[in-house]
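Student: Provide a 3D model corresponding to the input given below.
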Amino acid sequence: MRVSVVLCAHTMDRYDAVVEAAESALAQTYDDVELVFVSDGDPAVADQFESDFGDREGVVVHRNDENRGLLVSRNNGAEVASGEVVAFIDDDAVADPKWVERLVAAYEDHDAIAAGGKMTPMWVAGKPDFLPEEFYYLIGVTHRGFEGGADEPGEVRNTNGSNISFRREVFLDLGGFEPDIGGRKGDNNLQGGETELCARLRDEYGRGVYYDPEAVVAHKVFAYRTDPYWLLDRAFWQGYSKRGMAKFAPESSGEEWSFLGRLLGEYVPDRLRGLVSDPEAAKAKQLVWLFLLTGAVGVGYLYGVYEWG
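Tutor: Predicted coordinates for the structure are as follows:
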């Protein structure tokens, strides 16, 4: 079973990270891996990547004529891929050497039609003491409260877009990601491409994504991603995007409401008890930020209601 790993980039700004992501995809314990690199509108990125990787076996470079955004780039990568499975990784992520091996096991052992794994943080500028694990999804990391449990394998709605894969024929049959519902383009903070696609996956095939916590990808958390203002802005747009998902794919929103229930009914009381029994400044800050970020998500959701009804 060949696995095509699709990696996209649109500027030279983080090219060192792009190289590290590419090297991690090519250094897998599983042998039959193809790397599909999509340059999203910047010829300099494609030229440099071809110079660095063009002579490597199993590397394909595709050029978008203009900046089309992440979701279109991923769709284009899947189109030119030759693998039975197409997997996606971000340009600021690093795959564990056994990542593809674990994904293949999901397809072969569990007859999965889609599979993904756990995202872990790679703290580039140090771990912030105020950010609660319940909101790690804002920085592209598997969060506390992830459906089914972050360390339990099994079928879930979707995994993070930087650690998700599909049988290629299934992905193409679904038409790939829907660009109109979001996805990063430039500095756009709208998210939800994998959520909407997996809602259609469930609708068409009656199946979800098989989650293997041992299929690990690390996500680089740069300094700006731990800035309080950036996190609040990110939370706002996450709420806005969640309303978009509720509008365009109503069946996809159940997990968000379940998480909110766990957050308020389980995690907040648990944190309050922990703070009372063992007072620490970091615990207090995380509790405060849990409410602040929940509020920001809520405001973003209400803004989405105002715009979309």
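
Student: which residues touch residue 213?
Tutor: Contact analysis of residue 213 by CB atoms under 8 Å, 6 or more residues apart in numbering lists 117-118, 150-153. C-beta here means a position set from N, CA and C on the backbone, and glycine is covered the same way.

Student: Quick check: the farthest pair among those?
Tutor: 117 and 152 (12.3 Å; CB to CB).

Student: follow-up on the earlier one: which of the contacts of residue 213 are buried?
Tutor: 117-118, 150, 153 (16 or more other CB atoms under 10 Å).

Student: since we're on residue 217, how many residues are nearby?
Tutor: Residues within reach of residue 217, counting by other CB atoms under 10 Å, total 30.

Student: whoops, I mixed them up, residue 7
Tutor: So residue 7, with other CB under 10 Å, has 25 neighbours.

Student: Assumed it was part of a strand.
Tutor: Yes - under DSSP: H, G, I helix; E, B strand; the rest coil, residue 7 sits within a strand.

Student: Stretch 45-62: which residues count as buried?
Tutor: Those buried within stretch 45-62 under the rule 16+ other CB under 10 Å are 45-46, 48-49, 52-53, 58-62.

Student: For the protein, which segments are assigned as strands?
Tutor: Taking DSSP state E as the criterion, the chain contains strands spanning 3-9, 33-40, 59-64, 85-89, 93-95, 114-123, 154-156, 164-167, 209-221.

Student: Can you list the strands that the fifth one pairs with?
Tutor: Going back to what we said before, that points to strand 93-95. Strand 93-95 has these partner strands in its sheet, going by DSSP bridges: strand 209-221 (antiparallel).

Student: report the angle between the axes of the partner strand and strand 114-123?
Tutor: Orientation check (axes from the mean of the first three to the mean of the last three CA atoms, to 10 degrees): strand 209-221 against strand 114-123 gives 20 degrees.

Student: quick one: low-confidence parts of this protein?
Tutor: For the chain, the stretches with pLDDT under 70 are 148, 181-191, 246-254, 257, 309.

Student: hey, where'd the helices end up in it?
Tutor: Here the chain has its helices, by DSSP state H, at 15-26, 43-53, 70-80, 99-110, 168-173, 193-205, 228-248, 254-262, 268-277, 281-308.
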